[in-house]
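**Q** have a look at this prediction, sequence included:
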Amino acid sequence: MEIAKRLRAAREQCGLSQGQVADMMGMQRPSVSELEAGRRGVSAEELVKFAKIYAVSTAWLTKSKSDVDDPSVELAARELTKLNTKDLERVLQLLKTLKKANGPKI
(Lines give C-alpha, C1' and ligand atoms only; values in the text may rest on other atoms or scores of the structure.)
Protein backbone atom coordinates (compact mmCIF):
# COMPACT_ATOMS: atom_id res chain seq x y z
CA MET A 1 0.00 0.00 0.00
CA GLU A 2 2.94 2.33 0.67
CA ILE A 3 4.12 2.00 -2.94
CA ALA A 4 0.64 2.95 -4.12
CA LYS A 5 0.69 6.13 -1.99
CA ARG A 6 4.14 7.05 -3.22
CA LEU A 7 3.22 6.48 -6.87
CA ARG A 8 0.27 8.82 -6.52
CA ALA A 9 2.20 11.47 -4.59
CA ALA A 10 5.06 11.42 -7.11
CA ARG A 11 2.64 11.71 -10.05
CA GLU A 12 0.82 14.62 -8.45
CA GLN A 13 4.11 16.34 -7.60
CA CYS A 14 5.03 16.14 -11.29
CA GLY A 15 1.69 17.65 -12.26
CA LEU A 16 0.73 14.69 -14.42
CA SER A 17 -2.68 13.11 -14.84
CA GLN A 18 -3.20 9.38 -14.66
CA GLY A 19 -3.95 9.44 -18.39
CA GLN A 20 -0.68 11.17 -19.20
CA VAL A 21 1.27 8.67 -17.13
CA ALA A 22 -0.60 5.77 -18.71
CA ASP A 23 0.41 7.04 -22.17
CA MET A 24 4.04 7.38 -21.08
CA MET A 25 3.97 3.88 -19.59
CA GLY A 26 2.17 2.29 -22.54
CA MET A 27 -0.79 1.18 -20.43
CA GLN A 28 -4.43 2.07 -19.95
CA ARG A 29 -5.43 4.80 -17.47
CA PRO A 30 -7.43 2.37 -15.30
CA SER A 31 -4.21 0.40 -14.76
CA VAL A 32 -2.55 3.47 -13.26
CA SER A 33 -5.62 4.02 -11.10
CA GLU A 34 -5.51 0.41 -9.88
CA LEU A 35 -1.80 0.73 -9.05
CA GLU A 36 -2.31 3.95 -7.11
CA ALA A 37 -5.23 2.42 -5.20
CA GLY A 38 -3.12 -0.58 -4.24
CA ARG A 39 -5.48 -3.00 -6.00
CA ARG A 40 -2.83 -4.09 -8.52
CA GLY A 41 0.79 -4.94 -7.92
CA VAL A 42 3.54 -3.11 -9.75
CA SER A 43 6.19 -5.09 -11.60
CA ALA A 44 9.89 -4.36 -11.27
CA GLU A 45 9.95 -3.15 -14.88
CA GLU A 46 7.04 -0.78 -14.25
CA LEU A 47 8.67 0.48 -11.07
CA VAL A 48 11.78 1.47 -13.01
CA LYS A 49 9.68 3.30 -15.61
CA PHE A 50 7.68 5.14 -12.95
CA ALA A 51 10.86 6.19 -11.18
CA LYS A 52 12.25 7.59 -14.43
CA ILE A 53 9.06 9.49 -15.28
CA TYR A 54 8.75 10.93 -11.77
CA ALA A 55 12.49 11.61 -11.34
CA VAL A 56 12.66 9.64 -8.10
CA SER A 57 14.59 6.53 -7.19
CA THR A 58 13.05 3.08 -7.16
CA ALA A 59 14.28 2.87 -3.57
CA TRP A 60 12.12 5.87 -2.66
CA LEU A 61 9.08 4.34 -4.33
CA THR A 62 9.53 1.05 -2.48
CA LYS A 63 10.58 2.51 0.86
CA SER A 64 8.32 0.89 3.42
CA LYS A 65 8.94 3.12 6.41
CA SER A 66 9.40 6.86 6.61
CA ASP A 67 9.92 9.49 9.26
CA VAL A 68 7.10 11.41 7.60
CA ASP A 69 3.59 10.00 7.15
CA ASP A 70 2.84 11.95 3.97
CA PRO A 71 5.00 11.12 0.92
CA SER A 72 4.21 14.54 -0.58
CA VAL A 73 6.13 16.12 2.31
CA GLU A 74 9.17 14.05 1.38
CA LEU A 75 8.82 15.08 -2.26
CA ALA A 76 8.56 18.73 -1.24
CA ALA A 77 11.70 18.37 0.87
CA ARG A 78 13.50 16.86 -2.11
CA GLU A 79 12.53 19.88 -4.22
CA LEU A 80 13.71 22.26 -1.48
CA THR A 81 17.21 20.79 -1.67
CA LYS A 82 17.40 22.00 -5.28
CA LEU A 83 16.84 25.67 -4.35
CA ASN A 84 19.60 28.22 -3.96
CA THR A 85 20.10 29.75 -0.53
CA LYS A 86 18.18 32.95 -1.26
CA ASP A 87 15.12 31.11 -2.60
CA LEU A 88 15.20 28.65 0.29
CA GLU A 89 15.17 31.53 2.76
CA ARG A 90 12.15 32.99 0.96
CA VAL A 91 10.30 29.67 1.18
CA LEU A 92 11.09 29.37 4.89
CA GLN A 93 9.79 32.88 5.47
CA LEU A 94 6.61 32.01 3.60
CA LEU A 95 6.16 28.93 5.79
CA LYS A 96 6.55 31.04 8.93
CA THR A 97 3.94 33.47 7.62
CA LEU A 98 1.52 30.64 6.83
CA LYS A 99 2.04 29.11 10.24
CA LYS A 100 1.25 32.43 11.95
CA ALA A 101 -1.83 32.94 9.76
CA ASN A 102 -3.18 29.49 10.60
CA GLY A 103 -2.52 29.85 14.32
CA PRO A 104 -1.21 27.18 16.66
CA LYS A 105 -2.35 23.59 16.25
CA ILE A 106 -4.12 22.15 19.22
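**A** Ah, there it is.
**Q** how many other residues sit next to K52?
**A** Here the count is done by other C-beta atoms under 10 Å, and K52 has 11 residues near it. Heads up, the C-betas are built off the backbone N, CA and C, glycines and all.
**Q** give me the phi and psi for it.
**A** Geometry field for K52 lists phi and psi as phi -70, psi -50, criterion degrees, to the nearest 10.
**Q** contact partners for it?
**A** Contacts for K52 (C-beta atoms under 8 Å, 6 or more residues apart in numbering) come out as none.
**Q** tell me which residues in the helix or strand of the chain with the lowest mean pLDDT are buried?
**A** Of all the helices and strands that make up the chain, helix 71-80 has the lowest average by mean pLDDT, DSSP states H and E, namely a mean of 78. Neighbour-count burial for helix 71-80, counted by 16 or more other C-beta atoms under 10 Å, picks out 71, 74-75.
**Q** quick one, the following helix or strand past it and helix 71-80 angle?
**A** Counting by DSSP states H and E, the next helix or strand C-terminal to helix 71-80 is helix 85-102. With axes from the mean of the first three to the mean of the last three C-alpha atoms, to 10 degrees applied, the angle from helix 85-102 to helix 71-80 works out at 140 degrees.
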